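>>> build me a structure from this.
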Amino acid sequence: MSGFVEKPEPVQVPGLTHLHTGKVRDLYRNEAGELVMVASDRMSAYDWVLPTEIPDKGRVLTQLSLWWFDRLADLVPNHVLSTELPAGAPADWAGRTLICKSLDMVPVECVARGYLTGSGLLEYDESRTVCGLALPEGLSDGSELPAPIFTPATKAAVGDHDENVSYEEVARQVGAETAALLRQSTLAVYGRARDIARERGIILADTKFEFGFESTPEGDRLVLADEVLTPDSSRFWPADQWQPGRTQPSYDKQFVRNWLTSPASGWDRKSEQPPPALPQEVVEATRGKYVEAFELLTGNSWS
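Got it, this is the predicted structure:
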């Protein structure tokens, strides 16, 4: 069993209809039919949404996504319409709220990998493949792949695992033409972002995107949605510390994972018991990594 340790009650705002409470984001619809996406400070790990929040996390995710959307706009359109705070919304929503197009979402997590780690490494160790794609012998944790690969996954509900699937399974689910477009767009965006991050001393090891279709007079077009290239959806590694064959230092929630699986937490990941609250030092260290990623990538100071 997993999911929310303490599921929050949605904030009620006049003129907004609450649609969904996700691991991190709360989704509403306004009277114009547009989506209102609010990034909370919630933290998830090991399929649990933890009882402790990370201050500023939602704002970092939102502002970093906006920065990336600007740098990817010539490759693929995105869903952002406005960052204006809806009338009557709480002040805490400032900087963490996006007004977005309502899209027909594709039910696939579009993952690009340039390096071998995580679930990809587990599969590779068993079969020398990732999502059915054959890889050369001799790779280890953190190895750079010969070329970036598209390794899709199914979207899971809160508390469930995303599951890696083959490209052929994606084509079966959404059609060959859409599958090819997803792969092409995913690898193009990853390639652009990888190069930008590398210029700033950061390795973009892997990342996941979500896409949807927008109806236009010229026909349906693919649109990049949700968040993009944040420490929640990507593995960012400091380039000057990269060393294949070990777990890499990273700008993400690794402090949280490490503490939860340490004797200090007293939590058994394999049990059905919810994880405990995070200690203050873990909260501060995790916030620091999110802010550091934002500052290194954008060149802007977090205030």
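
>>> contacts only, for residue 256.
Applying CB atoms under 8 Å, 6 or more residues apart in numbering, we find residue 256 in contact with 43, 45, 50, 278, 282, 286. Every residue, glycine included, has its C-beta placed from N, CA and C.

>>> which one of those is nearest residue 124?
residue 45 (23.2 Å; CB to CB).

>>> got a pLDDT number for that closest one?
At residue 45, the pLDDT value in this model is 90.

>>> also residue 303?
Value for residue 303, per-residue pLDDT: 76.

>>> cool, and residue 159?
Note on residue 159: pLDDT of 44.

>>> distance from the lengthiest strand in the chain to the middle of the chain?
Secondary structure of the chain read by DSSP state E shows that its longest strand is strand 202-216. On the basis of CA atoms, centre = their mean, to the nearest Å, strand 202-216 sits 9 Å off its chain's mean C-alpha point.

>>> what of stretch 66-73?
In terms of CA atoms, centre = their mean, the centre of stretch 66-73 is set 15 Å apart from its chain centre.

>>> pull the residues that contact it.
By CB under 8 Å, 6+ apart, stretch 66-73 touches 78, 80, 83, 98, 189, 192-193, 196, 224, 228-229, 297-298.

>>> so of those residues, which ones are in helices?
The members of the contacts of stretch 66-73 that map onto helices under DSSP state H are 189, 192-193, 196, 297-298.

>>> listing request: residues of the stretch 151-300 of the chain with sub-threshold pLDDT.
156-161 (pLDDT under 70).

>>> among the ones in helices among the contacts of stretch 66-73, which one lies nearest to residue 259?
For the ones in helices among the contacts of stretch 66-73, the residue nearest residue 259 by CB to CB is residue 297; the value is 25.1 Å.

>>> for the closest one, give its distance to residue 267.
Here the criterion is CB to CB, to the nearest Å. By it, residue 297 lies 32 Å from residue 267.

>>> the two: which is more packed in?
residue 297 (25 against 18; other CB atoms under 10 Å).

>>> distance of that one relative to residue 73?
17 Å.

>>> what ranges do the helices span in the stretch 1-150 of the chain?
Taking DSSP state H, counting those that start in this stretch as the test, the helices found in the stretch 1-150 of the chain are 57-72, 118-127.

>>> relative to residue 218, how far out is the residue nearest the centre of the chain?
Nearest to the geometric centre of the chain sits residue 233, at 2.0 Å (CA atoms, centre = their mean). Using CB to CB, residue 233 is found at 30 Å from residue 218.

>>> ok, which stretches of the stretch 51-200 of the chain are strands?
Applying DSSP state E, counting those that start in this stretch to the stretch 51-200 of the chain gives strands spanning 80-82, 97-100, 104-105, 108-115, 129-130, 133-134, 144-150, 153-154, 163-164.

>>> follow-up on the earlier one: deepest of the helices of the stretch 1-150 of the chain, which one?
helix 57-72 (a mean of 21; mean count of other CB atoms under 10 Å).

>>> ok and it relative to strand 202-216, angle-wise?
If you take axes from the mean of the first three to the mean of the last three CA atoms, to 10 degrees, helix 57-72 sits at 80 degrees to strand 202-216.

>>> tell me the mean pLDDT over helix 57-72?
According to the model, helix 57-72 has a mean pLDDT of 98.

>>> one more: stretch 118-132?
Mean per-residue pLDDT for stretch 118-132: 91.

>>> same question for stretch 90-97.
Averaged over stretch 90-97, pLDDT sits at 96.

>>> got a list of contacts for stretch 237-251?
115, 117, 139-144, 198, 201-203, 205, 231, 235-236, 289-290, 292-293, 296.

>>> can I have the buried ones of those as a ChimeraX selection?
With 16 or more other CB atoms under 10 Å as the criterion, this ChimeraX line picks the buried residues out of the contacts of stretch 237-251:
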select :115,117,139,141,142,143,202,203,205,231,235,236,289,290,292,293
